[in-house]
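>>> sequence first, predicted model second:
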Amino acid sequence: GQNLRRWGRYIKPVVILHKNRHLKLCKMLILCFNALISWEIKEIKLTRRKMCSKIAVNLKTKKEFWRKETGNASWNGGDVMRKTGKMLAAAMAGVMALSMAGCSGNTGSGTESGSAAPETKQEASSEGKAGEGASDSGEEFKIGVLQLTQHTALDKVNEGFVAAIEDSGLNVQLDQQNASGDQSACQTIAQMLVDSGNDLIFAIATPAAQAVAGMTDEIPIVVSAVTDPAESGLVESNEKPNCNVTGTSDLTPVKAQIDLLQKLLPDARTVGILYSSAEANSEIQAEMAKEALEEAGIQYKDYTVSSTNEIQTVVESMIGNVDAIYTPTDNTIASGYATVAMIANENKIPTICGESGQVDEGGLVTYGVDYYELGYMAGEQAVDILANGADIASMPIEYMDNADCELKINEDTAAELGIDMSVLEEE
């Protein structure tokens with residue numbers, strides 16, 4: 001339904017969504033109003049009900065827009081009403097259409113939290129600057145951020161990117177979005193970011209990067225937490241992308257990680273390689289691990305999952321069949337790593353991790369990249385593109401040197417497993 005007050009400071013459209021399963025319609029509504037009407041969305045409220053949810057969106061008029069667009073310093077509400085009446089009617093029709101679609105649909109393409117990411121502190125502060133500082137601090141840029149899911153490694157990438165943007169002094173409006181690991185939500189958010197007129201899009205993790213790259217070949221795209229952009233079809237080559245994509249790779253020193261396994265577990269005969277079959281970056285690392293294990297004369301078995309729901313069953317199937325578990329930098333596994341560690345540690349199976357976030361969740365050890373630094377490096381690339389007009393097509397994918405990687409040990413896990421880690425301290 002809709003609750004419209006006569007022309008004034010607020011307009012309050014309401015959308016009814018069936019069982020919270022169409023939250024992406026809320027984002028579509030936001031785009032509709034931003035595109036058609038000169039108001040700024042101030043608030044989104046979600047009231048959970050048994051059958052339906054009501055999302056109320058408050059919008060506030062912008063007198064500055066009227067002055068800018070018409071060149072008329074005087075504010076005339078009647079003129080504004082006449083000029084925007086048709087757009088308002090179209091937008092309200094869109095609201096009603098979305099409302100009916102939301103209440104009549106019984107299924108959704110994403111999870112309840114998949115496509116409507118909450119506003120982050122960075123986004124709020126950036127939007128605050130954007131509303132009043134463009135003329136004071138120079139040109140304003142819009143950057144859309146699509147993060148595949150929420151876990152330690154990807155969160156650090158995001159933090160590093162935002163820090164680099166803030167350190168640059170650029171006037172930037174950040175639109176932070178998180179797909180919560182949902183592939184369909186990834187596609188929907190990617191399309192919204194492309195349609196929102198962003199000057200650049202930052203994509204975190206391979207599926208997010210592939211979703212955005214599939215939507216545009218014009219808007220500059222900077223990626224991070226992508227193991228091999230060329231192998232993943234994002235660029236022609238990692239040395240020279242020859243397209244609108246560049247970024248930083250989280251390719252880990254897989255061989256060095258397998259060396260850790262050998263030093264800590266010299267009697268290990270079979271290693272289980274646990275990863276998601278749906279992630280191209282994981283398959284690449286799994287192949288590298290297999291090569292390193294073959295060179296070391298250690299047998300291996302593949303254990304794959306397609307979602308976090310399968311992790312417990314798959315890890316339990318490893319009990320009695322492997323002497324250790326190796327997990328690459330896999331987003332699906334990272335999201336459920338607490339389950340991996342719980343089962344492995346209870347059954348005295350050491351876990352060699354692809355990144356430090358997995359160690360934080362109970363894994364034994366890793367020698368991996370610094371994800372905050374990867375994000376910062378990507379942020380510097382974005383600044384170079386926006387502020388200096390750098391040619392993204394010739395900007396190579398950047399990597400962290402192995403010397404900059406960090407050894408991280410979970411001492412509690414080592415004690416629980418009864419493993420002496422002093423052999424690593426002697427290196």
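Thanks, I have the structure now. Numbers count the residues shown, from 1 in each chain.

>>> quick one: neighbours of T366, just the number.
29 (other Cβ atoms under 10 Å). The way it works is simple: take the backbone N, C-alpha and C, and place the C-beta from them, glycine included.

>>> state whether it is indeed within a strand.
Yes - secondary structure of T366, determined by DSSP: H, G, I helix; E, B strand; the rest coil: located in a strand.

>>> list the contacts for it?
Contact criterion Cβ atoms under 8 Å, 6 or more residues apart in numbering gives 257, 260, 352-356, 358-359, 407-408 as the residues in contact with T366.

>>> can you rerun that using 6 Å?
Residues in contact with T366, defined by Cβ atoms under 6 Å, 6 or more residues apart in numbering, are 353, 356, 359, 408.

>>> partners of it in the sheet?
Applying DSSP bridges to T366 gives these bridge partners: C353, K408.

>>> for it, give me the pLDDT.
With respect to pLDDT, T366 scores 96.

>>> may I see the contacts of T366 organised as CSV, with distance to I204, neighbour count and pLDDT added?
Written out in CSV, the entries for the contacts of T366 read as follows (distance: Cβ to Cβ, whole Å; neighbours: other Cβ atoms under 10 Å; pLDDT from 0 to 100):
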residue, distance to I204, neighbour count, pLDDT
C353, 19, 32, 97
S356, 16, 24, 92
V359, 20, 24, 96
K408, 21, 18, 95
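
>>> ok, so of those, who is nearest I201?
The nearest member of the contacts of T366 to I201, counting by Cβ to Cβ, is S356 at 26.7 Å.

>>> where's the closest residue to that closest one other than its chain neighbours relative to N345, distance?
Distances taken as Cβ to Cβ, 6 or more residues apart in numbering put K408 closest to S356, at 4.5 Å, once the chain neighbours are dropped. Here K408 is placed at a distance of 16 Å from N345 (Cβ to Cβ, to the nearest Å).

>>> can you check P220 too?
For P220 relative to N345 (Cβ to Cβ), the value is 44 Å.

>>> for the two, work out which one has more neighbours and name it.
Between P220 and N345, P220 has the larger neighbour count (other Cβ under 10 Å), namely 22 against 19.

>>> show me the contacts for the more buried one.
Contact criterion Cβ under 6 Å, 6+ apart gives 200, 244, 385, 392 as the residues in contact with P220.

>>> again with V340
Residues in contact with V340, defined by Cβ under 6 Å, 6+ apart, are V315.

>>> before we move on, the earlier item: nearest to V322 among the contacts of T366?
The closest of the contacts of T366 to V322 turns out to be C353 (Cβ to Cβ; 15.2 Å).

>>> was I right to think T413 contacts E361?
No - the pair T413 and E361 fails to qualify as a contact (Cβ atoms under 6 Å) at a distance of 9.8 Å.

>>> among the contacts of P220, name the ones in helices.
With helices identified by DSSP state H, the entries of these that belong to them are I385.

>>> just the contacts of P220: which are in strands?
Under the assignment DSSP state E, the contacts of P220 contribute L200 to strands.

>>> reformat the contacts of P220 as TSV; add distance to L251 and neighbour count.
Supplementary listing: the contacts of P220 in TSV, determined by distance: Cβ to Cβ, whole Å; neighbours: other Cβ atoms under 10 Å:
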residue	distance to L251	neighbour count
L200	23	21
N244	22	20
I385	22	21
I392	20	22
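
>>> now the contacts of P220 in TSV, with distance to Q299 and pLDDT?
Written out in TSV, the entries for these read as follows (distance: Cβ to Cβ, whole Å; pLDDT from 0 to 100):
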residue	distance to Q299	pLDDT
L200	46	98
N244	44	98
I385	46	98
I392	44	98
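
>>> can you redo the contacts of P220 as JSON lines with distance to A208?
Converted to JSON lines, those look like this (distance: Cβ to Cβ, whole Å):
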{"residue": "L200", "distance to A208": "14"}
{"residue": "N244", "distance to A208": "15"}
{"residue": "I385", "distance to A208": "18"}
{"residue": "I392", "distance to A208": "18"}
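
>>> all strands for the stretch 151-300 of the chain, in order.
Ranges of strands in the stretch 151-300 of the chain, per DSSP state E, counting those that start in this stretch, are 171-178, 200-204, 221-226, 245-249, 270-276, 299-305.

>>> report all helices and strands that the second one contacts.
Packed against strand 200-204, as judged by 3 or more Cβ pairs under 6 Å, 6 or more residues apart in numbering; DSSP states H and E, are the following elements: strand 140-147, helix 152-168, helix 206-213, strand 221-226.

>>> now do the fourth one
Using 3+ Cβ pairs under 6 Å, 6+ apart as the contact definition, the elements that strand 245-249 packs against are strand 221-226, helix 371-388.

>>> which residues sit against it?
Residues from elsewhere that reach strand 245-249, judged by Cβ under 6 Å, 6+ apart: 213, 221-224, 226, 234-235, 374, 377-378, 392, 395, 397-399.
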